[in-house]
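Asks: got a sequence here, can you model it:
(2 chains)
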Protein chains: 2
Amino acid sequence: MSFLDRIAECNRHDLAGFVRFVVAGTPVGWVKRSFAARLTGFPDVFTVDDETVAISPLLATYEARTRAVADALRGFAADGTIKGWRGELYPVGAGFHGPHLLAMERTAIPFFGVRAYGVHVNGFVRRATGLEMWIGRRAVDKPTFPGMLDNFVAGGQPVGIGLLDNVIKEADEEAGVPAALARQARPIGLVSYCQETADGLKPDVLFNFDLELPDDFAPINRDGEIAAFHRWPVERVMAITETTRKFKFNCNLVNIDFFVRHGLIPPDHPDYVEIVRGLHG
Amino acid sequence: MSFLDRIAECNRHDLAGFVRFVVAGTPVGWVKRSFAARLTGFPDVFTVDDETVAISPLLATYEARTRAVADALRGFAADGTIKGWRGELYPVGAGFHGPHLLAMERTAIPFFGVRAYGVHVNGFVRRATGLEMWIGRRAVDKPTFPGMLDNFVAGGQPVGIGLLDNVIKEADEEAGVPAALARQARPIGLVSYCQETADGLKPDVLFNFDLELPDDFAPINRDGEIAAFHRWPVERVMAITETTRKFKFNCNLVNIDFFVRHGLIPPDHPDYVEIVRGLHG
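Replies: Below you'll find the predicted structure:
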């Protein structure tokens, strides 16, 4: 068990089982062949062949594509293929900053192998004895990864809200962080990975933030998504990350990036080059 | 002119013009076809075909390969093909931590497209007005990149010295940093790139360090390699990096990584994802 194992777990995929997802001539994702076959049932929305799933060129605008795709997907939600419909829209396009070609229900995003974005916040305290990190434990009734460890604050990045505003909103809901404190979260980079799941593909990017917290700050969860918070010496978080799968898979990458940037994994580590390069897979 | 231009300049290459360099069955680099043709003149050392340059299997040990390759390369130094022989050995192997298959003269490394490693130190001062960075200007008589801007302290990583010891040594020689201060340099990651040059290929890794300097520290160059040091507000270093080619090419990556980690390039930057991922090309 090693940091490289955690990175590898986030990057397992075999694109041979997928076809490209193309919108307005732009490749924006990947669809499993088995799901592509089911999309042939919607010829007004999806054009499917052996190589690609494309959105019909007759759907020529952002709004038309967004509406038509949502209508098609509702059937998959009804029959249980797409579980946990959230009514939250994610952007679909060639890059985070656009141009965006449509918006799509969050839960459907992996079925189309579209890159999703999130914000993850490392909450930490500087003590004379070293760094301590605030770590969340996900509620046991969460639909995804119940009971697993999580970063201090984390959330998906939907359309219609800026990154820092999303951090402030999530920090309030998940950990009761006052806005004035959350605003001090410092953007320090990102991690990326590409993981095949039962549904499809997650070629995702997490925008990371460091938030130094006062010694007397105590997080309070307000949305029921976090069962408990632990404040642990960073060495304990390192050991859990390196030797267990207790963290939700992608939180491990955020942790490892934190350890690297704070000089806690030395460059003499035999896997150092592969670790740092592996955070941007 | 943009940060992405600086990253692209470090990553221009076309592997079609190269063959693999193989040692003991392990691919460890790339050789330009024109240089591979010249290596056919040393059949006891190099086995050359259309796809590979290999070191003769009869050279079965680290020492035998190191000696035989050095002997063969001396002719290229004598005829001016390899310029500026330094008598400094770099490790050659599949990874930084080995196993190392031979050691090779530093100046010859790009001819064999072997990954070279360096240590680069961001020297900075925290002021009430923001960060300031110490920037070196290379001496005009340096054989490589004369007169260009450079990171505070930087050097290649030869065999036989640890990374932090190399930082301490280079910080002393290049900037007169006392060892006790240099030892506080914090390892914070690495940048990597792959640049084709007239000689060959540089698929290199730079181990990066942040060194916070006291306000009253003033660097003094002791080895004649730096003509002057400038202490500039980080915004000025950002503008130079973004809009000019005044820095030695790979120092731009170290600068950009610093800007990202210190929250100076916001994630709202339209190129943010490509910038951060591009630092690990």
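
Asks: CA only for contacts and neighbour counts going forward, please
Replies: Fine.

Asks: any idea how chain A splits into domains?
Replies: A:3-10+A:116-278, A:15-112 (automatic domain parsing).

Asks: pull up the distance across the last one, start to finish.
Replies: The first and final residues of domain A:15-112 sit 13 Å from each other (C-alpha to C-alpha, to the nearest Å).

Asks: next one: the longest one
Replies: From its first residue to its last, domain A:3-10+A:116-278 covers 10 Å (C-alpha to C-alpha).

Asks: before we move on, back to that, any idea which of the domains of chain A is most buried?
Replies: domain A:3-10+A:116-278 (a mean of 19; mean count of other C-alpha atoms under 10 Å in any protein chain shown).

Asks: which residues does A:Gln195 contact?
Replies: A:Glu9, A:Cys10, A:Asn11, A:Arg12, A:His13, A:Leu201, A:Lys202, A:Pro203 (C-alpha atoms under 8 Å, 6 or more residues apart in numbering or on different chains).

Asks: get me the contact residues on the stretch 1-150 of chain A for chain B.
Replies: Contact residues, the stretch 1-150 of chain A versus chain B (C-alpha under 8 Å from any C-alpha of the partner chain): A:Phe96, A:His97.

Asks: let me see the ranges of the strands in the stretch 1-150 of chain A.
Replies: A:18-23, A:26-32, A:46-48, A:52-55, A:89-93, A:100-105, A:117-127, A:130-138, A:149-150 (DSSP state E, counting those that start in this stretch).

Asks: got JSON lines for those, with mean pLDDT too?
Replies: JSON lines is the format used below for those (pLDDT from 0 to 100):
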{"stretch": "strand A:18-23", "mean pLDDT": "98"}
{"stretch": "strand A:26-32", "mean pLDDT": "97"}
{"stretch": "strand A:46-48", "mean pLDDT": "98"}
{"stretch": "strand A:52-55", "mean pLDDT": "98"}
{"stretch": "strand A:89-93", "mean pLDDT": "95"}
{"stretch": "strand A:100-105", "mean pLDDT": "96"}
{"stretch": "strand A:117-127", "mean pLDDT": "98"}
{"stretch": "strand A:130-138", "mean pLDDT": "98"}
{"stretch": "strand A:149-150", "mean pLDDT": "98"}
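
Asks: of those, give the one that comes closest to B:Glu196.
Replies: strand A:26-32 (29.2 Å; C-alpha to C-alpha).

Asks: can you map out the helices along the stretch 101-250 of chain A?
Replies: A:163-175, A:179-182, A:234-243, A:249-261 (DSSP state H, counting those that start in this stretch).

Asks: right, is the second one up against chain B?
Replies: No - using C-alpha under 8 Å from any C-alpha, no contact is recorded between helix A:179-182 and chain B, whose separation bottoms out at 14.5 Å.

Asks: if I look at the residue in the stretch 51-200 of chain A that chain B sits nearest to, how far off is B:Tyr272?
Replies: Relative to chain B, the nearest point of the stretch 51-200 of chain A is A:Ile188 (4.2 Å; C-alpha to the nearest C-alpha). A:Ile188 sits 11 Å away from B:Tyr272 when distances are taken as C-alpha to C-alpha.

Asks: per-residue pLDDT, A:Gly95?
Replies: A:Gly95 is assigned 89 on the pLDDT scale.

Asks: actually, A:Gly98.
Replies: 83.

Asks: any figure for the gap between A:Asp14 and chain B?
Replies: Taking C-alpha to the nearest C-alpha, to the nearest Å as the measure, A:Asp14 falls 21 Å from chain B.

Asks: tell me the bridge partners for the residue nearest to that residue when sequence neighbours are not counted.
Replies: Of all residues not flanking A:Asp14 in the chain, A:Glu196 sits nearest, at 7.4 Å (C-alpha to C-alpha, 6 or more residues apart in numbering or on different chains). Per DSSP bridges, the residues bridged to A:Glu196 are A:Leu201.

Asks: wait, what's in contact with A:Glu196?
Replies: Per C-alpha under 8 Å, 6+ apart, neighbours of A:Glu196: A:Asn11, A:Arg12, A:His13, A:Asp14, A:Lys202.

Asks: same thing with A:Val48?
Replies: A:Ala36, A:Ala37, A:Leu39, A:Thr40, A:Ala54.

Asks: then A:Arg20?
Replies: Taking C-alpha under 8 Å, 6+ apart, one finds A:Pro27, A:Val28, A:Gly29, A:Trp30, A:Val31, A:Glu51, A:Thr52, A:Val53 in contact with A:Arg20.

Asks: that'll do, ta.
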